[in-house]
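Engineer: just to be clear, the model below is a prediction. Sequence and coordinates:
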Amino acid sequence: MDKITDNRISCRQDCPALRQMNLHYHYFVSRLSHEIRNPLTLVCSSLQLMEKEQPALRENTLWDQVKDDLKDTLRLLEDLSSLNQSASLRPESLDPGAFLQKVGASCRPFLAEQGISFSVAVSPGLPRIQADRSRLREALLNLIRNGADALQEQSGERRLRLTVSLRENTVCFHVKDNGPGIPSEYRDTILDPFVTHKARGTGLGLAIAKSVARSHGGTLSFTTSTHTPGSFTEFCLRLPCAPSHPQGEEPA
């Protein structure tokens, strides 16, 4: 079944008319997101100026709600743009271990502020990968933010672990938290766009990570348990190893 599905996808991608339609679709989504986001950004700036000139506005119970709703809308537009652009790649040769260490360093202060115990582990001797640095970083940060959100419901020590290892000729990035786990009724749709069970979530973070993985020829999967003690969720983003280079040729 997988081979049949893959062949059908390949045939669709080889069709010039469908490729052109896909390009128009991505252009439309990008343009629409851009055109809506610009005036909303101006509205946010106007609200900040109004609040500065009229401090009494802060006492209105609806004031903070209006600002929060605008922020949520802007975040939704940004996530929609990210999802739309996730298949547009500029791959380069990356050392997955060094790359992961930098991602971990960038989010460590954010996690520490939330009281989350954070660790990074890199398996030795990892091969290089061909990946878009910016897109892969975005995907991992979305997985890390998802784990941090899940830990808000966790009592006791809250832990998040970021690792990278080699498995069956693929480089595997793991993001594991000891949160309450994903309920069984959510598991079939948790990676779908616009599916969220968070109060203020956009439902695009995991979908973006999945799209980035697929665009690189990889996969995104998860394992989870809701049984306590020992509940957890672990996402695994797998990417193929970079093709070997002729002797004497160094990767870029």
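Structural biologist: Alright, I've got the coordinates. Numbers count the residues shown, from 1 in each chain.

Engineer: now the helices for the stretch 101-250 of the chain?
Structural biologist: 133-151, 205-215 (DSSP state H, counting those that start in this stretch).

Engineer: would you mark the buried spots in stretch 224-233?
Structural biologist: Neighbour-count burial for stretch 224-233, counted by 16 or more other Cβ atoms under 10 Å, picks out Thr224, Ser231, Phe232, Thr233. For every residue, glycine as well, the C-beta is placed using N, CA and C.

Engineer: chain center to that stretch: distance?
Structural biologist: Put simply, stretch 224-233 sits 22 Å off its chain's centre (Cα atoms, centre = their mean, to the nearest Å).

Engineer: show residues contacting that stretch.
Structural biologist: 147, 150, 176-184, 187, 222-223, 234 (Cβ atoms under 8 Å, 6 or more residues apart in numbering).

Engineer: list the ones among the residues you listed that fall in strands.
Structural biologist: Counting by DSSP state E, the part of these found in strands is Lys176, Asp177, Phe222, Thr223, Glu234.

Engineer: low-scoring stretches of the stretch 51-200 of the chain, by residue?
Structural biologist: 77, 79-87, 198-200 (pLDDT under 70).

Engineer: any of the contacts of stretch 224-233 buried? List them.
Structural biologist: Gly147, Ala150, Lys176, Asp177, Asn178, Gly179, Pro180, Gly181, Ile182, Phe222, Glu234.

Engineer: so what pairs up with the fourth one in the strands?
Structural biologist: With DSSP bridges applied, the residues forming beta bridges to Asp177 are Leu160, Thr233.

Engineer: part of a helix, is Ser93?
Structural biologist: No: under DSSP: H, G, I helix; E, B strand; the rest coil, Ser93 falls outside any helix and is assigned strand.

Engineer: shouldn't it be in contact with Gln130?
Structural biologist: Yes: between Ser93 and Gln130 there is a contact under Cβ atoms under 8 Å: 6.2 Å.

Engineer: between those two, which contacts overlap?
Structural biologist: Ala242.

Engineer: neighbour count: the two, which is higher?
Structural biologist: A count of neighbours by other Cβ atoms under 10 Å puts Gln130 above the other of Ser93 and Gln130, at 18 against 13.

Engineer: I figured Leu143 hits Cys236, correct?
Structural biologist: No: Leu143 is not in contact with Cys236 according to Cβ under 8 Å; the separation is 9.6 Å.

Engineer: so between these two, which is more surrounded?
Structural biologist: Leu143 (28 against 21).

Engineer: could you pull out the strands for the stretch 51-200 of the chain?
Structural biologist: 92-94, 117-122, 129-131, 159-167, 170-177 (DSSP state E, counting those that start in this stretch).

Engineer: can those strands go into CSV with extra columns for distance to Ser211?
Structural biologist: Below are the strands of the stretch 51-200 of the chain laid out as CSV (distance: least, Cβ to Cβ, whole Å):
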stretch, distance to Ser211
strand 92-94, 19
strand 117-122, 24
strand 129-131, 14
strand 159-167, 20
strand 170-177, 15
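
Engineer: among those strands, which is nearest Ser215?
Structural biologist: strand 129-131 (9.8 Å; Cβ to Cβ).

Engineer: contacting residues around the closest one?
Structural biologist: For strand 129-131, using Cβ under 8 Å, 6+ apart, the contacting residues are 89, 91-94, 96, 171, 216, 239-243.

Engineer: picking up where we left off before, which of the buried ones among the contacts of stretch 224-233 sits closest to Asp72?
Structural biologist: Ala150 (19.3 Å).

Engineer: tell me how far that closest one lies from Ser119.
Structural biologist: 17 Å (Cβ to Cβ, to the nearest Å).
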